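Participant: I'd like to go over a predicted model; first the sequence, then the structure.
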Amino acid sequence: RDSKVNQNLLENYSFIQYKKQLENVEIVKQRLGRPLTYAEKILYGHLNDPHNQEIERGVSYLKLRPDRVACQDATAQMAILQFMSAGLPQVATPTTVHCDHLIQAQIGGAKDLARAVDLNKEVYDFLATATAKYNIGFWKPGSGIIHQIVLENYAFPGALIIGTDSHTPNAGGLGQLAIGVGGADAVDVMADLPWELKAPKILGVKLTGKMNGWTSPKDIILKLAGITTVKGGTGKIVEYFGDGVDTFSCTGMGTICNMGAEIGATTSVFPFNKSMVDYLNATGRSKIADFAKLYNNDYLKADEGAEYDEVIEIDLNTLEPHVNGPFTPDLATPISKLKEVAIENDWPLDVKVGLIGSCTNSSYEDMTRSASIIKNAAEHGVKAKSLFTVTPGSEQIRATIARDGQLQTFEEFGGVVLANACGPCIGQWDRQDIKKGDKNTIVSSYNRNFTSRNDGNPQTHAFVASPELTTAFAIAGDLRFNPITDKLVGSDGKEFLLQPPSGEGLPTRGYDAGENTYQAPPADREAVNVQIAPESDRLQRLTPFEAWNGKDAENLPILIKSKGKTTTDHISMAGPWLKYRGHLENISNNYMIGAINAENDKANHVKNYYTGEYKGVPDTARDYKAQGQKWVVIGGENFGEGSSREHAALEPRYLGGFAIITKSFARIHETNLKKQGLLPLNFVDPAAYDRINPDDTVDILGLTTLAPGKNVTLRIHTKAGETWETPLSHTYNTEQIEWFKYGSALNKMAAK
Ligand code: SF4
């Protein structure tokens, strides 16, 4: 149990720390005096300070030390730019970057990839050189989807990883806690700051029995989503247990954990078991499997009598295949009811496209089971009625199914094999078969099916199902088709029932790695020059923000007093702005353009305090900035709710904001503001919000003695010359006050 075992085959500097983690678990167990669930063990095993950490599920904020960080290409850009601005020589925690989100599906794998490499060249060049410089593993375009690569190479039982993508929990299928975070959190961990997470509640899901016929692991999570709804997992980790967990594959468990994101769960996890050992062996990691076996009885499973905050039971013997949607992943319909429900709801019955693969369902098992159905149909002379696409999750999967014949089966069936990337799952799909606005149905084995997600058409009714069922729909071309009971007509005119899918969990000949798409950081990183073209409109180096001048702030104009809901989408819109995620100056042109000005009920229309001129919010902020004038924003309740997007905090800081003063904040946004050196402050008296006029100016007093728990004062000067004061509270702790003083958390790190 004392061995030094590498976390993976690609890094010679990262090791598995079971011994230390188990020691931490023992310390916590003694303190709490109760048995722990498996998820709790992993969390508490990674505590920064197990002796003193307050631990109450659903209440305390845990300070954690994750084993690694994974970033996808869209979110990695700003995360790495921020990391660079800290001036540190290399990342403190093993990190990888994966090029998967920026590849558009148009005609098929190789050509689409070549086009994306050309279109996104400057982003890829930046990521390739920055990762080399800062000792980060780089997975080039074409390597596959982040979560599949993590499962194949980096995940191991008992680990804690964070990833800048919401489906990071996929790796829970290999017994680890893998949690999706915003870029700011990733930067903290890269820079050696502990990572904070509200101690999640634990939702136990007990699986009993064994699946059969057309039912597959995807149906477990589709069923669960129907029970919990999209919000049911919020603030919780889903921990699976019961005899049923030992009856299916590790990649199947990955699928289930992946889609835990659809019920809002912090993450999902399965306890270490035989299927994980098989998968680790098949992916060349027998040493890890052997090491994990030594910790199986104490670290890698729940204690006897561990208590869950709630328990849901699913009987796999009777579980039916499900189809979820349209427009939301929690609208779950068992296949036996689908015909009736589809007709009742007037859903378009022709299935136009069946799409299998993606990070959710592109394992070897998924591919072989889908291919088995196609072969069975082909034996009866039947081909696809719908269009059919296949997205391999990784180059390894693509190469293996190319070698073993499934890829050929898909192509002979009329399928298009797309690049190893996100493609249609994230709307990177140049769909040609219908016009925008046409009402139509598609079925995919993906995870999300919100309006417009796949093809930008709000009239597309997108359903999610297992790859097996998706394939069956593509064969029948009809949403009313139930492969368990409904017959098809073969080319000989005879009716036949499709055979239930069959396939191999793991390739008997082993995986074929395919093309080498990994770039390890070079030994001599000093010489690497990070490539950012000065004229680029997509990437821009960050300059560290200036430190606080040590004085109270006086006479600050109010950039905008926002009214009603102000989410991160109002603060920093997504959509076309995503292109500028690596360019703070350009993306700042969307700052608060969606927020409603309390003065005139208009969006993006505010008055310049000094000139009286009305302009857009970013333009007015820029005018203030040009004069060296700091400003504040006034906001209402739960300001900054929504995503963990760090741009919503970087932009006001870049544009010269000093404080954001609200009735209350969404917690992640509040922390992000603190990290960037802005002051998030709250009205102690919420009525003060109503009294403030957008035409007022404000002083913020008491900053020189800023201390945890101590209010500061807002002094308001009205246009009429009156002055009044109101107290403001804050949630700064001692360490965070230093962030404010230094100008940002990263400045503080760099000053160490
Ligand atoms: Fe996200 Fe879809 Fe890509 Fe998976 S395949 S990482 S869900 S965009």
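Facilitator: That came through, no problem.
Participant: would you agree residue 664 is in contact with residue 684?
Facilitator: No - assessed by Cβ atoms under 8 Å, residue 664 is found out of contact with residue 684, at 11.4 Å. In short, each C-beta sits where N, CA and C put it, glycine included.
Participant: okay, these two: which has more neighbours?
Facilitator: Comparing residue 664 with residue 684 by neighbour count (other Cβ atoms under 10 Å), the higher total belongs to residue 664, at 16 against 12.
Participant: let me see the contact set for the more buried one.
Facilitator: Contact analysis of residue 664 by Cβ atoms under 8 Å, 6 or more residues apart in numbering lists 637, 638, 639, 682.
Participant: and the first one, what element?
Facilitator: For residue 637, there is no helix or strand it lies in under DSSP states H and E.
Participant: helices of the stretch 351-500 of the chain, start to end?
Facilitator: Under the criterion DSSP state H, counting those that start in this stretch, the stretch 351-500 of the chain carries helices at the ranges 364-379, 395-404, 406-412, 467-476.
Participant: angle of the longest one against helix 395-404?
Facilitator: With axes from the mean of the first three to the mean of the last three Cα atoms, to 10 degrees applied, the angle from helix 364-379 to helix 395-404 works out at 30 degrees.
Participant: follow-up on the earlier one: so which of the helices of the stretch 351-500 of the chain is the most surrounded?
Facilitator: Burial of these is given as mean neighbour count (mean count of other Cβ atoms under 10 Å); helix 467-476 ranks first at a mean of 29.
Participant: look up phi and psi at residue 2.
Facilitator: Note on residue 2: backbone dihedrals following degrees, to the nearest 10 are phi -100, psi 0.
Participant: with adjacent residues omitted, what lies nearest to residue 294?
Facilitator: residue 1 (5.1 Å; Cβ to Cβ, 6 or more residues apart in numbering).
Participant: how about residue 213: what's its closest non-neighbour residue?
Facilitator: Nearest one to residue 213, counting by Cβ to Cβ, 6+ apart, is residue 500 at 4.6 Å.
Participant: number of nearby residues for that neighbour?
Facilitator: Neighbour count of residue 500, defined by other Cβ under 10 Å: 16.
Participant: and if you look at the one 10 residues further on?
Facilitator: Number of residues near residue 510 (other Cβ under 10 Å) recorded here: 13.
Participant: quick one: low-confidence ranges for this protein?
Facilitator: Counting by pLDDT under 70, not a single residue of the chain qualifies.
Participant: for residue 146, see how far away the residue nearest in space to the middle of it is.
Facilitator: The C-alpha lying nearest the average C-alpha coordinate of the chain belongs to residue 166 (Cα atoms, centre = their mean; 1.6 Å). Look at residue 166 and residue 146: by Cβ to Cβ, to the nearest Å, they are 11 Å apart.
Participant: and the contacts of the helix or strand where residue 288 lies?
Facilitator: With secondary structure defined by DSSP H and E, residue 288 is part of helix 286-294. Contacts of helix 286-294 from elsewhere in the structure, counted by Cβ under 8 Å, 6+ apart, are 1, 3, 5-7, 16, 18, 156-158, 175, 272, 276-277, 280-281, 300.
Participant: and the buried ones among the residues you listed, selectable in PyMOL?
Facilitator: Remark: buried members of these, expressed as a PyMOL selection using 16 or more other Cβ atoms under 10 Å:
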select buried, resi 5+6+7+16+18+156+157+158+175+272+276+277+280+281+300
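Participant: ok, and which of the contacts of helix 286-294 reach the ligand?
Facilitator: Near the ligand, taking Cβ under 6 Å from any ligand atom as the test, no member of the contacts of helix 286-294 is found.
Participant: now, the contacts of helix 286-294 that are in helices?
Facilitator: For the contacts of helix 286-294, the ones inside helices are 18, 276, 277, 280, 281, with DSSP state H as the criterion.
Participant: residue 285 against residue 6, yeah?
Facilitator: No - counting by Cβ under 8 Å, residue 285 does not reach residue 6; the two are 9.1 Å apart.
Participant: nearest residue to the residue in the stretch 551-700 of the chain that the ligand sits nearest to in space, ignoring adjacent ones along the chain?
Facilitator: The ligand sits closest to residue 578 of the stretch 551-700 of the chain, with a gap of 12.3 Å, by Cβ to the nearest ligand atom. In space, and not counting its chain neighbours, residue 578 is closest to residue 74: 6.6 Å by Cβ to Cβ, 6+ apart.
Participant: what's the spacing between that neighbour and residue 421?
Facilitator: 12 Å.
Participant: what about the two, which has more around it?
Facilitator: The residue with more neighbours, out of residue 74 and residue 421, is residue 421; 33 against 21, by other Cβ under 10 Å.
Participant: for the more buried one, which residues are in contact?
Facilitator: Contacts of residue 421 (Cβ under 8 Å, 6+ apart): 99-101, 103, 105, 112-113, 116, 141-142, 144-145, 391, 428.
Participant: run the last query once more with 6 Å
Facilitator: 100, 103 (Cβ atoms under 6 Å, 6 or more residues apart in numbering).
Participant: any idea how far residue 118 is from it?
Facilitator: Counting by Cβ to Cβ - residue 421 and residue 118 are separated by 15 Å.
Participant: and the helix or strand hosting residue 29 with helix 286-294, angle?
Facilitator: Assigning secondary structure by DSSP H and E places residue 29 in helix 18-32. Comparing the axes of helix 18-32 and helix 286-294 via the same axes, to 10 degrees yields an angle of 30 degrees.
Participant: which strands and helices sit next to helix 18-32?
Facilitator: Judged by 3 or more Cβ pairs under 6 Å, 6 or more residues apart in numbering; DSSP states H and E, helix 18-32 is in contact with helix 38-45.
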